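>>> Provided below are the primary sequence and the corresponding predicted coordinates.
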Amino acid sequence: QVQLVESGGGLVQPGGSLRLSCAASGFTLDYYAIGWFRQAPGKKRAGVSCISSSDDSTYYADSVKGRFTISRDNAKNTAYLQMNSLKPEDTAVYYCAALFNTDPTKDMDSYEYDYWGQGTQVTVSS
């Protein structure tokens, strides 16, 4: 069964950190770019960060640049999103998605991703 499963979400105070994981099963991530998206209540889903499959080039939305770090461990078939200095406006459901053999780092929201996870809730609140 092909799937992506996110984990690592939760409730954290402003300024805190979380690390989200995106574990793939049923396929290998080696040839897939990975994107992290988020959707806050009443807002459209938006791309946060992505990493290419070829040279591990990355993209970050301006709102998270310098605070979030995307990475991948192909040996574990897992991608990660390290989130530091979290703010209340980071509160959202976070989704990972996989895109075959494409570099989405120039415009990550414009692609049709092949697989999506079910999402994990991140809440930043005191």
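Received it, and whenever you're ready, just let me know what you need.
>>> residue nearest the middle of this structure, spatially speaking?
Trp36 (2.2 Å; Cα atoms, centre = their mean).
>>> in a strand, it, correct?
Yes. Per DSSP: H, G, I helix; E, B strand; the rest coil, Trp36 lies within a strand segment.
>>> list the contacts for it?
Contact analysis of Trp36 by Cβ atoms under 8 Å, 6 or more residues apart in numbering lists 20, 22, 47-50, 70, 79, 81, 94-97. Quick note: C-beta positions are derived from backbone N, CA and C, even for glycine.
>>> let's see 10 Å
Going by Cβ atoms under 10 Å, 6 or more residues apart in numbering, Trp36 touches 6, 20, 22, 47-51, 60-61, 64, 68, 70, 79-81, 83, 94-97, 108, 117.
>>> what about it, distance to Gln1?
22 Å (Cβ to Cβ, to the nearest Å).
>>> hmm, back to that, only the buried subset of the contacts of Trp36, as a PyMOL command please.
Selection command for PyMOL covering only the buried members of these, criterion 16 or more other Cβ atoms under 10 Å:
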select buried, resi 6+20+22+47+48+49+50+51+60+61+64+68+70+79+80+81+83+94+95+96+97+108+117
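>>> shouldn't Ala61 be in contact with Arg38?
Yes. The pair Ala61 / Arg38 is scored as a contact, 9.2 Å apart, by Cβ atoms under 10 Å.
>>> find residues that contact each of the two.
46-49.
>>> using TSV, lay out those together with secondary structure and pLDDT.
Output for these, formatted as TSV (DSSP: H, G, I helix; E, B strand; the rest coil; pLDDT from 0 to 100):
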residue	secondary structure	pLDDT
Ala46	strand	97
Gly47	strand	97
Val48	strand	98
Ser49	strand	98
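>>> of those, closest to Ala75?
Nearest to Ala75, judged by Cβ to Cβ, of the shared contacts of Ala61 and Arg38 is Ser49 at 20.9 Å.
>>> contacting residues for the nearest residue to Ser125 once chain neighbours are set aside?
Distance criterion Cβ to Cβ, 6 or more residues apart in numbering; nearest residue to Ser125, sequence neighbours excluded, is Pro88 at 6.2 Å. The neighbours of Pro88, taking Cβ under 10 Å, 6+ apart as the test, are 13-14, 123-126.
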